[in-house]
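Novice: my questions concern the predicted model and sequence given below.
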Number of protein chains: 2
Amino acid sequence: MADIADVARLAGVSTATVSRALNGKTASAATREKVLAAAAELGYVVSSNASGLASGRTRHIGFMVPFIDRWFFTDLLTGIESVLLSQGYDVTLYDLQGNESQRDQVFGSSLRRASIDGLIAASIELTPDEIRALRALGKPVVSIGGYIEGATAVDVDNARMATLATEHLLSLGHTRIAYVGAGRTIASAFQLGDARYDGWLSAMRAAGLEVEGTGFWEADFDIPSGYAAAKALLAHDRPTAIFAASDEIGIGCMLAARDLGLRVPDDLSVVGIDDHKLSAFFGLTTLAQDPAGQGRLAAHLLLAQLDNPGAAPEHRTLTPRFVVRSSTARPGGAVHGTA
Amino acid sequence: MADIADVARLAGVSTATVSRALNGKTASAATREKVLAAAAELGYVVSSNASGLASGRTRHIGFMVPFIDRWFFTDLLTGIESVLLSQGYDVTLYDLQGNESQRDQVFGSSLRRASIDGLIAASIELTPDEIRALRALGKPVVSIGGYIEGATAVDVDNARMATLATEHLLSLGHTRIAYVGAGRTIASAFQLGDARYDGWLSAMRAAGLEVEGTGFWEADFDIPSGYAAAKALLAHDRPTAIFAASDEIGIGCMLAARDLGLRVPDDLSVVGIDDHKLSAFFGLTTLAQDPAGQGRLAAHLLLAQLDNPGAAPEHRTLTPRFVVRSSTARPGGAVHGTA
DNA sequence: CTGAAAGCGCTAACAA
DNA sequence: TTGTTAGCGCTTTCAG
């Protein structure tokens, strides 16, 4: 493979000039053109190792997730890749799923080989040691949906989303609204805390409504778990509406209602959070999170920090978009939105 | 950050000895211990750039996919990460989704920066230019579910799976079996060719059955598309069974049947291919593909090639596992399997 | 604006 | 088994 010396020879300049011309540093237009032509002719591409060793930059960005096999994280990844690849950055994935040793491997070694210029961490709960390890890197970090000290943050206001969803049901005239969502353990893995639960609770209380009877039903963030929770809930009680902490839970609730002979939305309204890929299909009313957009924003913010290392960390809270579909209506009746 | 010279100084040996001790090359037990202790004390981690530049190895593996936001590819990735991370390799993702420029970027530049030691490519259809680019790298390549000349291949026998699925229905006594699956365009994006269609066809013909009437119904590999196809199919004809080219299609078919007032499996049997995460929930009978296992195997094969560069490329065809659930039964009646 | 030269941190001959 | 010595291919002062 051609190296920088070959290009320099062909262009009739020094390797230093080739380097400058290729990296957009000072070089006369004529020189730059000669260099570009020579590089193209030889099919020259810089060696990332050599370049990285000499400059300290690698053009690799790390993306750290608790697990990758969930809709939210893959959509984040898609968004991140789309901006980073086009800027000439590669994305290295650190999947913390699996045993502890995989996690230690990532923090103890992978991250520290100085092989990345920056990191995007999604929904990661870090130990104090891990935070220290991250800070020791001295590389910019952007967190998505979770707080990391000193890092730029991108998130959505979960409590606010839950309040909006609940208020939507309230405004339709529902008073008996159950919450199906994550317990503390699961919520914390997603860094949601109890924000969605709290949002529901405060909206209900603000409306002067009783919460004890209909209450809270625990479910993991997936369809089967939402289904099971709704089955249990509906066997025990008959609220007119369910606020589901995620669309997957909401879809599970809709399927359970159907299996119980209940019509959605006539007998039961359901609203979720996410705008999951399947939600349009099921007609689920929801608050859209747009993870791909979050990923793109995170990538842009990281790039900005790379260009401007001195800048103070930012905190961007995204506004969810309300998507009304056919799963919500006035209690007992008329459809509110259209599919 | 401590570098190799610091470790050498603290251990009282040369940098070369440190390098050898750390890389498992010849070194006396006593020396190795001293070096390890010194490295641990200083928190030393090798610089991947320096090491890569000197040795030509980067401990980075590329994983190339047509898109990452599909169950199959994320599960592959999970499997790949689990073995590669534990062996000290990082995984860089090349997502070809999006515009052509993203693809050109990957082939023209990312891959060629010599930043990976090897590549795993899943379901990728390459242009002649791209194959040339890949071969020029001189790095080992493992392909999953698609053929790349000179590369080690991991796949499943799609035609055989389709035949098995169809034969399962035949053995239950079904004779009118529709196929809902991908048209040529979509199938080729997944590198499935028409193998699943062919498998269905040959099983039907071997059983001496007519195919014209019930026939082939086109659908993309997702739930909404399977739903729409089944709605159209069942409005037009009433086969007693459907063979779906993927579980997501199959789930769509089950939902459509239910909405039409048909009971599964009493009025309609459905069998799919994949063992998708949701299939157990829906009780779908299927042929399991185990993508995480495919990913782990591909990673192991790649590692083996890295250790032994001379070895000839292998071709491993995995055997699917039949998972009988509650979506298939004798026509008109009794359940065959259990949920 | 450009060239010469000194490294970036490590590995791999080669000797000893 | 270990140390010495060249680089790996590039970027970046520092002069000019």
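Specialist: Sure thing, it's come through.
Novice: residue boundaries of the strands in the stretch 1-150 of chain A?
Specialist: In the stretch 1-150 of chain A, the segments counted as strands under DSSP state E, counting those that start in this stretch are A:60-65, A:90-95, A:118-122, A:141-144.
Novice: deepest-packed of those, please.
Specialist: Using mean count of other Cβ atoms under 10 Å in any protein chain shown, the stretch among the strands of the stretch 1-150 of chain A with the greatest mean number of neighbours is strand A:141-144 (a mean of 27). In this view, the C-beta of every residue, glycine as well, is placed from N, C-alpha and C.
Novice: what pLDDT does the model give A:Asp104?
Specialist: Predicted confidence (pLDDT) for A:Asp104: 84.
Novice: how many other residues sit next to it?
Specialist: For A:Asp104, the neighbour count with other Cβ atoms under 10 Å in any protein chain shown is 12.
Novice: dump the residue contacts of it.
Specialist: Under the criterion of Cβ atoms under 8 Å, 6 or more residues apart in numbering or on different chains, the contact list for A:Asp104 is empty.
Novice: could you check how far it is from DNA strand D?
Specialist: Look at A:Asp104 and DNA strand D: by Cβ to the nearest atom of the strand, to the nearest Å, they are 28 Å apart.
Novice: do the same with A:Ala312
Specialist: On the measure of Cβ to the nearest atom of the strand, A:Ala312 and DNA strand D end up 24 Å apart.
Novice: hang on, the earlier thing: between the strands of the stretch 1-150 of chain A, which gets nearest to DNA strand D?
Specialist: Closest to DNA strand D of these is strand A:60-65 (Cβ to the nearest atom of the strand; 14.3 Å).
Novice: paired strands for that closest one, with orientation please.
Specialist: Using DSSP bridges, the strands paired with strand A:60-65 in its sheet are strand A:90-95 (parallel), strand A:118-122 (parallel).
Novice: using TSV, lay out the ones you listed together with distance to DNA strand D and mean pLDDT.
Specialist: Shown next, in TSV, are these (distance: least, Cβ to the nearest atom of the strand, whole Å; pLDDT from 0 to 100):
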stretch	distance to DNA strand D	mean pLDDT
strand A:90-95	15	92
strand A:118-122	16	95
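Novice: B:Glu218 is nearest to which of the ones you listed?
Specialist: Closest to B:Glu218 of the strands paired with strand A:60-65 is strand A:90-95 (Cβ to Cβ; 34.1 Å).
Novice: which residues touch stretch A:149-156?
Specialist: With Cβ under 8 Å, 6+ apart as the contact definition, stretch A:149-156 has outside contacts at A:121, A:131, A:135, A:140-147, A:289, A:294, A:297-298, A:301-302, A:305, A:313-320.
Novice: in ChimeraX, how would I select the buried members of the residues you listed?
Specialist: Applying 16 or more other Cβ atoms under 10 Å in any protein chain shown to the contacts of stretch A:149-156, the buried members can be selected in ChimeraX as follows:
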select /A:121,140,141,142,143,144,145,146,289,294,297,298,301,302,305,313,320
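Novice: tell me where the stretch 151-300 of chain A has strands.
Specialist: For the stretch 151-300 of chain A, applying DSSP E, counting those that start in this stretch gives strands covering A:152-156, A:177-181, A:216-218, A:241-244, A:269-274, A:285-288.
Novice: show me what the fifth one is packed up against.
Specialist: Pointing back at strand A:269-274 there. Where contact means 3 or more Cβ pairs under 8 Å, 6 or more residues apart in numbering or on different chains; DSSP states H and E, strand A:269-274 is packed against helix A:158-171, strand A:241-244, helix A:247-259, strand A:285-288.
Novice: out of the ones you listed, which is closest to DNA strand C?
Specialist: helix A:158-171 (42.4 Å).
Novice: for the closest one, which positions count as buried?
Specialist: For helix A:158-171, burial by neighbour count (16+ other Cβ under 10 Å) applies to A:158-166, A:168-170.
Novice: who are the contact partners of the closest residue in space to A:Arg263 that isn't next to it in sequence?
Specialist: Distance criterion Cβ to Cβ, 6 or more residues apart in numbering or on different chains; nearest residue to A:Arg263, sequence neighbours excluded, is A:Ala257 at 7.7 Å. Contact analysis of A:Ala257 by Cβ under 8 Å, 6+ apart lists A:230, A:234, A:263-264, A:267-268, A:270.
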